[in-house]
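S.K.: take a look and give me a structure for this.
(one chain, ligands or ions: 4)
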Amino acid sequence: MDEAIKIKVDKGEMLPLMEEFYTIQGEGYYKGTAAYFIRIGGCDVGCHWCDVKESWNADLHPPTETSKIVENAKKYSDTIVVTGGEPLTWDMTVLTTRLKEEGLKTHIETSGAYKLTGQWDWICLSPKKMKLPTDEVCEKADELKVIVYNKDDLRFAEEQAAKVSKDCILYLQPEWSKRDKVVPLIVDYVMQNPKWKVSLQTHKYLNIP
Ligand SMILES: C[S@@+](CC[C@H](N)C(=O)[O-])C[C@H]1O[C@@H](n2cnc3c(N)ncnc32)[C@H](O)[C@@H]1O
Ligand SMILES: Nc1nc2[nH]cc(C(=O)O)c2c(=O)[nH]1
Ligand code: SF4
Ligand SMILES: [Mg+2]
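M.R.: Ligands and ions are numbered 1, 2, ... in the order given. Predicted coordinates:
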């Protein structure tokens with residue numbers, strides 16, 4: 001990569017943009033709400049069931065001026081969901097400062113594995129066993145969304161729930177390919193442990209991005 005571009009990416013003035021789209025938030029607390037999604041490339045957490053593996057290699061996604069991303073996003077929605085890849089791979093300060101200057105609500109989807117940067121109105125923390133979330137993101141998370149691939153993920157979910165604030169909303173979300181097997185487990189678990197709620201990837205049922 002050109003040295004000048006690399007410097008800008010390091011500062012968050014440019015970001016490797018994979019895709020952006022206006023859709024309905026499919027998951028978690030804001031499920032059903034229209035929002036503009038900004039998907040930033042780059043992730044080395046390595047979830048074997050990740051549904052956007054094409055996002056992992058940041059070099060495949062064009063470094064894009066952060067101000068251009070914001071100028072475009074503001075045309076679509078007052079709620080912007082920043083996802084990836086793992087957005088906290090990058091410094092989110094410039095992106096979120098500019099989004100807030102435009103009066104937009106900033107939401108993040110993150111594993112929390114890297115330093116929390118940026119100003120967020122809503123943090124969706126989806127922790128992963130391979131790279132655990134930082135203490136700071138656990139304290140600040142508004143929702144905890146644990147993906148359930150097998151039974152051990154319920155144990156992991158409780159372990160992670162012990163680290164978030166008392167107001168954090170707790171979700172169990174079936175891993176998509178295992179949904180037929182794990183949905184009954186989740187349903188039973190939530191009835192037995194009603195501090196948890198079910199989250200489904202409703203956009204996949206609706207056939208929207
Ligand atoms: C693709 S990730 C990107 C953001 C960030 N890297 C993270 O993992 O939170 C967006 C959300 O999709 C969830 N997710 C990814 N693959 C999934 C799958 N196969 N089934 C269910 N949820 C999945 C993640 O746990 C996360 O909550
Ligand atoms: N509709 C829709 N809702 C989503 N919520 C979180 C998503 C993500 O990939 O981060 C996502 C996504 O990819 N599409
Ligand atoms: S952390 Fe997120 S983007 Fe990275 S591999 Fe896991 S689900 Fe995919
Ligand atoms: Mg998705």
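
S.K.: which residues touch the spatially closest residue to residue 175 that is not a sequence neighbour?
M.R.: Leaving aside its chain neighbours, residue 175 sits nearest to residue 149 (4.1 Å; criterion: C-beta to C-beta, 6 or more residues apart in numbering). Every C-beta, even on glycine, is put in place using the N, C-alpha and C of the backbone. Residue 149 makes contact with 49, 175, 178, 182, according to C-beta atoms under 8 Å, 6 or more residues apart in numbering.

S.K.: go again with 6 Å.
M.R.: By C-beta atoms under 6 Å, 6 or more residues apart in numbering, the contact list for residue 149 reads 49, 175, 178.

S.K.: and it, what's its pLDDT?
M.R.: Residue 149 carries a pLDDT value of 98.

S.K.: and the longest helix for this structure?
M.R.: helix 179-192 (DSSP state H).

S.K.: return that helix as CSV; C-alpha atoms alone will do.
M.R.: Only the C-alpha atoms of helix 179-192 are listed here, as CSV (Å, rounded to 0.1, in the frame of the first residue of the first chain):
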residue,chain,number,x,y,z
ARG,A,179,-30.1,-23.1,13.8
ASP,A,180,-32.3,-26.2,13.6
LYS,A,181,-30.2,-27.9,16.3
VAL,A,182,-29.5,-25.0,18.6
VAL,A,183,-32.9,-23.1,18.5
PRO,A,184,-34.5,-25.7,20.8
LEU,A,185,-31.6,-25.4,23.2
ILE,A,186,-31.8,-21.6,23.3
VAL,A,187,-35.6,-21.6,23.7
ASP,A,188,-35.3,-24.0,26.7
TYR,A,189,-32.4,-22.0,28.2
VAL,A,190,-34.2,-18.7,27.9
MET,A,191,-37.3,-20.1,29.6
GLN,A,192,-35.2,-21.5,32.4
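
S.K.: where do the helices sit along the protein?
M.R.: 3-11, 66-73, 93-101, 135-140, 152-161, 179-192, 202-206.
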